[in-house]
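S.K.: The following block contains a protein sequence and its predicted model.
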Amino acid sequence: MGGNGIQSAFGAVQQAPEDPLFGLMAAYRKDEDSKKVDLGIGAYRDNNAKPWVLPVVKKADDRLRDDPNLNHEYLPIAGLANFTTASQKLVLGDDSPAISEKRVVSLQTVSGTGAVHLGGLFLSKFYTPSNSESKAIHVSSPTWANHNQIFSNVNLPIKTYPYFSKETKGLDFDGMVSSLKSATEGSIILLHACAHNPTGVDPTQDQWKQISTIMKEKSLFPFFDCAYQGFASGSLSTDAWAIRYFVEQGFELVICQSYAKNFGLYGERAGAFHFVTSPGSHAQETTSRVGSQLAILQRSEISNPPAYGARIASLILNDKELFAQWEEDLRTMSGRIKEMRKALRTKLEEKKTPGTWNHITDQIGMFSFTGLNEAQVQRLREKYHVYMTKNGRISMAGLNTNNVDYFADSVDAVVRETSK
């Protein structure tokens, strides 16, 4: 309409800032320099910087396509039962008492993001600690950026606890412990099960035990985000150790599980949400009540989850031969990333690049917090066409034998230039 037309009822809506990571990806795609390096995206790449479809996923995919009974009917609200049952066993262990005692209720979700959202929404509506201030969820500083957005959307107040030490480029364990000790009793604590995003810094098993002790003393509620099981160390059991230990200690807790990274099913959105109650005569009745409310929340938001990715994962999780091949594929991915960590650290130390670089190999998983500052990151992008998030986080999967020398040379040059 013309200038005198009816004004929109949404005139007060502000233009939202562009998502920084997806903006970074768009800038990388537009860059025509032949040496450009993408270290922003959180997805695995092979040594030729190409997406890698796991061989075991190709096998499972072929089997599904050849199944004459395959259809596109709705899944149940809670998802594919064979998938959620196998997911419980994967994260808790085949012989977990929590499973045998029916203390777990699980729903298939829209990957890990959907699981975190469902968990946040459930706690926002139903978590009733004795102190109303305990309704806040405490997240590490820093944490995955989407955590803040998700919990804000479901009206969970957010607080932070110290996690990353800029001095050591490792865990600020003293700061974390001090913060947990001072948290209001009953508070929700978000914990990264392994391969902390964005820092790549994980507590040791002994530190996890100390965290557990403090949380038990303060009746803190664990909210585990598990996006990298098997991808971090190459061992599914090692990467699930913290979760299994907390369950053994009798905690009531929730777990958000993603199959994007460890199966390479990024676009298929396969994940699971698990509620685990503590041991006792109330257990089965509690999981029944909780499960009924989770189903209502799921129904009102997505009705039922997407089928294809869950079918692929379920086929692999429930077949011994395919499962064994998956474990080998996990070792391939985690092994290549470890090799890139070693190569990058070695090259920077050989060049005597100012600073210390042991944190590159001390950290684990997809990401590394390099310690580079925002100005150095900007210089790397403008002069050397290297793309990473402004906080200095790099995706180790973006490095390969073809570009690690160039990246090390670029970092060395920029650090020297800005250290003068």
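M.R.: Nice, thanks for sending it over. Numbering: from 1, shown residues only.
S.K.: Against Ile364, how distant is Lys342?
M.R.: Distance of Lys342 to Ile364, given as Cβ to Cβ, to the nearest Å: 13 Å. Bear in mind the C-beta positions are built from the backbone N, C-alpha and C, glycine included.
S.K.: Residue ranges of each domain in this structure, please.
M.R.: 20-52+334-414, 74-318 (the TED database).
S.K.: wait, isn't Phe83 in contact with Ile312?
M.R.: No. Contact status for Phe83 versus Ile312: not in contact, 9.5 Å apart, counting by Cβ atoms under 8 Å.
S.K.: Now the common contact residues for these two.
M.R.: Here Phe83 and Ile312 share the contacting residues Ala270, scored by Cβ atoms under 8 Å, 6 or more residues apart in numbering.
S.K.: Any stretches of the protein with poor pLDDT?
M.R.: Where the chain drops to pLDDT under 70, the residues are 1-4, 132-133, 420.
S.K.: these two touch, right, Lys347 and Ala408?
M.R.: Yes. Using Cβ under 8 Å, Lys347 is in contact with Ala408, at 3.8 Å.
S.K.: out of the two, which sits in the busier spot?
M.R.: More crowded of Lys347 and Ala408, by other Cβ atoms under 10 Å: Ala408, with 22 against 18.
S.K.: what's the helix or strand for the more buried one?
M.R.: Following DSSP states H and E, one finds Ala408 within helix 404-419.
S.K.: Show me what that helix is packed up against.
M.R.: Helices and strands touching helix 404-419, as assessed by 3 or more Cβ pairs under 8 Å, 6 or more residues apart in numbering; DSSP states H and E, comprise helix 320-350, helix 374-384.
S.K.: Can you say which of these is nearest to Tyr74?
M.R.: Between Tyr74 and the helices and strands packed on helix 404-419, the shortest gap by Cβ to Cβ is with helix 320-350, which sits at 25.7 Å.
S.K.: Pull out the buried positions in that closest one.
M.R.: Across helix 320-350, burial judged by 16 or more other Cβ atoms under 10 Å covers 322-323, 325-326, 329-330, 332-334, 336-341, 343-345, 347-348.
S.K.: likewise stretch 275-284?
M.R.: By 16+ other Cβ under 10 Å, the buried positions in stretch 275-284 come out as Phe275, Val276, Thr277, Ala283.
S.K.: if I've got this straight, Thr160 is in a strand?
M.R.: Yes. Counting by DSSP: H, G, I helix; E, B strand; the rest coil, Thr160 falls inside a strand.
S.K.: Helices of the stretch 51-200 of the chain, start to end?
M.R.: Counting by DSSP state H, counting those that start in this stretch, the stretch 51-200 of the chain has helices at residues 55-65, 81-92, 97-100, 111-126, 145-153, 173-182.
S.K.: any idea how far the third one is from the chain center?
M.R.: The chain centre lies 25 Å from the centre of helix 97-100; the measure is Cα atoms, centre = their mean, to the nearest Å.
S.K.: And the nearest residue to Ser410 once chain neighbours are set aside, how close does it get to Lys169?
M.R.: Leaving aside its sequence neighbours, Ser410 sits nearest to Tyr384 (Cβ to Cβ, 6 or more residues apart in numbering; 3.9 Å). Distance from Tyr384 to Lys169, counting by Cβ to Cβ: 22 Å.
S.K.: neighbour-wise, which of the two wins?
M.R.: Neighbour count, other Cβ under 10 Å: between Tyr384 and Lys169, Lys169 has more, with 23 against 19.
S.K.: contacting residues for the closest residue to that one other than its chain neighbours?
M.R.: Using Cβ to Cβ, 6+ apart and skipping residues adjacent in sequence, the residue nearest Lys169 is His359, 3.6 Å away. Shown in contact with His359 (Cβ under 8 Å, 6+ apart): Thr168, Lys169, Gly170, Ser368, Phe369, Gly371.
S.K.: The first one: how many residues sit nearby?
M.R.: Using other Cβ under 10 Å, Thr168 has 15 neighbouring residues.
S.K.: please begin residue numbering at 58 from this point
M.R.: Done: numbering now begins at 58, and the last item shifts to Thr225.
S.K.: got a list of what it touches?
M.R.: Thr225 neighbours (Cβ under 8 Å, 6+ apart): His416.
S.K.: any idea how far it is from Gln433?
M.R.: On the measure of Cβ to Cβ, Thr225 and Gln433 end up 19 Å apart.
S.K.: The second one now?
M.R.: Relative to Gln433, Lys226 is positioned 14 Å away (criterion: Cβ to Cβ).
S.K.: give me phi/psi at the residue nearest the centre of the chain?
M.R.: Among the residues of the chain, the one closest to the centroid is Ala284, at 3.6 Å (Cα atoms, centre = their mean). Torsion angles at Ala284 (phi, psi; degrees, to the nearest 10) stand at phi -110, psi -10.
S.K.: Would you mind measuring from it to Leu247?
M.R.: Using Cβ to Cβ, Ala284 is found at 12 Å from Leu247.
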